[in-house]
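> predicted coordinates and the sequence they were generated for:
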Amino acid sequence: MSYKTVIIADGSFPVHEIPLGYIRDAERIVCCDGSTENLIAYGLEPNAIVGDMDSISEELANRFADRLFLDNGQETNDLTKAVTWCKEMGYRDIAIVGATGIREDHTIGNISLLAEYCADADVIMVTDTGTFKPYPESSEIISYPGQQVSIFSIDPEIEITSHGLKYPLEKTKLKNWWCGTLNESLSDVFSLHFNIGRLIVFLRF
């Protein structure tokens, strides 16, 4: 699927060609306020800047005053503010880049938030090593033989059964985030079947 909306979070700006390709191909780029400078340094300009504006320079705030969307709320982080703004604008095909690196606590938090965003949007997170995608229901997942796969259960009581993975799951409960890591796809597609809950799947490039 083509993701027309790209959100750039305030982590490490990507260097891999795949996440950079998402940025270049986007119809619109939404920056969390602190990521604006990185995008400018890359040679592009944002269509919108969302956040509490505590991490953007006065010069850039003045330069892009026509596309600043201030959200002072303290109950969510700037990434969630950007995703919420996109949904309110009707942009529901969202690729998030720059959400990992720099701080591990922010990385873990940002990845886990995918499970919240997927309720009413098609959202992925693209890093320099692979793609995270949330799944709120049983799904078939496009892959390739030998692709490294990790599965994270947001709800530890989910019973997961897999087909097409090297290390099969059979009504398995992933009680900790490490439990479903380091698996491998056997073909061009694999499937995950589970009861009500939410999974996040990482596919390495």
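Perfect, I can see it now. Since we're looking at a predicted model, the values are computed, not measured.
> now do residue 198 against residue 189, distance only.
Applying C-beta to C-beta, to the nearest Å, the value for residue 198 to residue 189 is 21 Å. Just so you know, the C-beta spots here come from the backbone N, C-alpha and C atoms, and that holds for glycine as well.
> pull the number of nearby residues for residue 170.
Counted by other C-beta atoms under 10 Å, the residues lying close to residue 170 total 8.
> that one and residue 192 touch, don't they?
No: counting by C-beta atoms under 8 Å, residue 170 stays clear of residue 192, with 12.0 Å between them.
> between those two, what contacts are shared?
Counting by C-beta atoms under 8 Å, 6 or more residues apart in numbering, the shared contacts of residue 170 and residue 192 are residue 161.
> between residue 198 and residue 189, tell me which one has more neighbours.
Of the pair residue 198 and residue 189, residue 198 is the one with more neighbours under other C-beta under 10 Å, namely 20 against 13.
> and the residue positioned nearest the centre of the chain, what element?
For the chain, the residue nearest the mean C-alpha position is residue 125 (2.2 Å; C-alpha atoms, centre = their mean). For residue 125, the host element (DSSP states H and E) is strand 122-126.
> which strands and helices sit next to that strand?
Packing contacts for strand 122-126, counted by 3 or more C-beta pairs under 8 Å, 6 or more residues apart in numbering; DSSP states H and E, involve helix 17-25, strand 93-97, helix 104-117, strand 130-135.
> now the angle between helix 17-25 and the last one, please.
Here strand 130-135 runs at 70 degrees with respect to helix 17-25, directions being taken by axes from the mean of the first three to the mean of the last three C-alpha atoms, to 10 degrees.
> contacts for whatever helix or strand comes next after strand 130-135 next, please.
Note on strand 130-135: by DSSP H and E, the next helix or strand toward the C-terminus is strand 139-142. For strand 139-142, the external contacting residues (C-beta under 8 Å, 6+ apart) are 135, 188-192, 201, 203.
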